[in-house]
Structures are given as C-alpha cells and as structure tokens.
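*Asks:* Generate a structure from the sequence data that follows.
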Amino acid sequence: MKKLDKMDKVILTLQDGDTITGVAELTTDLTRVKIRSIDGLVWVPYEDIVDNTTLNSLNT
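*Replies:* Here you go, the predicted model:
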C-alpha cells in the first residue's frame, strides 16, 4: 500500500455498501483510519473497509 501524502483524497467502500470520500489524515491509531469528509471527521475501522481508491491530482 502506498504511503499517504498529507492531502491524499480517498474513496472508501465499506462492507455495508456505503462509500466515504474525503482526505485521509495520518494517525497513530492502528485499528482505524481518520477521514476528513464534507460531513466532518470520520473514524472508520480497517475491518469495515472492503476497497479503497486514492485520487491523485495532476498539476500541469
């Protein structure tokens, strides 16, 4: 898995079919990921994530 940069935008797909889109933030918590989404700060346990996509911006 790629190391997250400070402002990587991610899309997480959860076991229940929901998706969360936001900016991943680095933490010391080894059991869950912290995502800053339009709905606010969300903590998601790694065990609930079935797929993830990292969006990279292309600066030209």
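*Asks:* now Asp16, nearest residue through space, not along the chain?
*Replies:* On the basis of C-beta to C-beta, 6 or more residues apart in numbering, the spatially nearest residue to Asp16 that is not a chain neighbour turns out to be Asp48, at 7.9 Å. (Each C-beta comes from the backbone N, C-alpha and C, glycine too.)
*Asks:* Within its local environment, how many residues does that neighbour see?
*Replies:* Using other C-beta atoms under 10 Å, Asp48 has 15 other residues around it.
*Asks:* now swap in Val33 and tell me
*Replies:* When neighbours are counted by other C-beta under 10 Å, Val33 comes out with 22.
*Asks:* give the contact list for Leu12.
*Replies:* Residues near Leu12 by C-beta atoms under 8 Å, 6 or more residues apart in numbering: Thr19, Ile20, Thr21, Val33, Ile35, Val44, Ile49, Asp51, Asn52.
*Asks:* Mind giving me the PyMOL select for these, buried ones only?
*Replies:* Here the buried members of these are turned into a PyMOL selection, burial being counted by 16 or more other C-beta atoms under 10 Å:
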select buried, resi 20+33+35+44+49
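*Asks:* Can I get the contacts of Leu12 in CSV including pLDDT and secondary structure?
*Replies:* Written out in CSV, the entries for these read as follows (pLDDT from 0 to 100; DSSP: H, G, I helix; E, B strand; the rest coil):
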residue, pLDDT, secondary structure
Thr19, 96, strand
Ile20, 96, strand
Thr21, 95, strand
Val33, 92, strand
Ile35, 95, strand
Val44, 95, strand
Ile49, 96, strand
Asp51, 96, strand
Asn52, 93, strand
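*Asks:* Going by neighbour count, which residues of stretch 9-29 are buried?
*Replies:* Judged by neighbour count (16+ other C-beta under 10 Å), stretch 9-29 contains these buried residues: Lys9, Val10, Leu12, Ile20, Gly22, Ala24.
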